[in-house]
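# Build me a model:
(one chain, ligands or ions: 1)
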Amino acid sequence: MKIALIAHDRKKDDLIQFVIAYQPILMENSLYATGTTGQRIIDETGLQVHKFRSGPLGGDQQIGSMIAQDDMDMIIFFRDPLTAQPHEPDVTALIRLCDVYNIPLATNMGTAEVLLKGLKEGFVDWRLIRERRG
Ligand SMILES: O=C(CO)COP(=O)(O)O
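Alright, predicted model coming up:
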């Protein structure tokens, strides 16, 4: 499965803790991230992560592009709901595309735990067996 990990600045510490806690599940999958988030995951966990551009420089849109190509299976995006983001339209667009393509999306740690436990139990296996859209 392809999983994207994204966190706004004030949520990055939480995401790192989350990634450490769920490393056994995450390491069995292909990980993608926006630039700064990805670098922190690499530095602090040693996991392999494909890094896109930083979020404000287009990283959210690059991940959105993968969703639109049916090439991304899950998004874990620890949003900061209390801080205005210069690239808020990109954030909204990414979340919207998850809804367009029915991609499992967690925007906080509580939901992210449920998603990864569900992934381990096979609840997301439909992503592997579905017909690829052209
Ligand atoms: O801004 C972000 C998501 O909207 C995250 O980007 P960075 O991981 O580059 O900080």
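# looking at it, Thr37 is touching Lys11, isn't it?
No. Counting by Cβ atoms under 8 Å, no contact exists between Thr37 and Lys11, whose distance comes to 9.1 Å. From N, CA and C alone the C-beta is placed, and that goes for glycine too.
# So which of those two has more stuff around it?
Each of Thr37 and Lys11 has its neighbours counted (other Cβ atoms under 10 Å); Thr37 has more, 29 against 21.
# Give me the three-state assignment for that one.
Under DSSP: H, G, I helix; E, B strand; the rest coil, the three-state class of Thr37 is helix.
# Please report the distance of it from Ile63.
11 Å (Cβ to Cβ, to the nearest Å).
# who touches both of these two?
Shared contacts of Thr37 and Ile63 (Cβ atoms under 8 Å, 6 or more residues apart in numbering): Ile6.
# Show me which residues of this structure sit near the ligand.
Residues of the chain lying close to the ligand (Cβ under 6 Å from any ligand atom) are Ile6, His8, Thr34, Gly35, Thr36, Thr37, Ser54, Gly55, Pro56, Gly59, Asp60, Val91.
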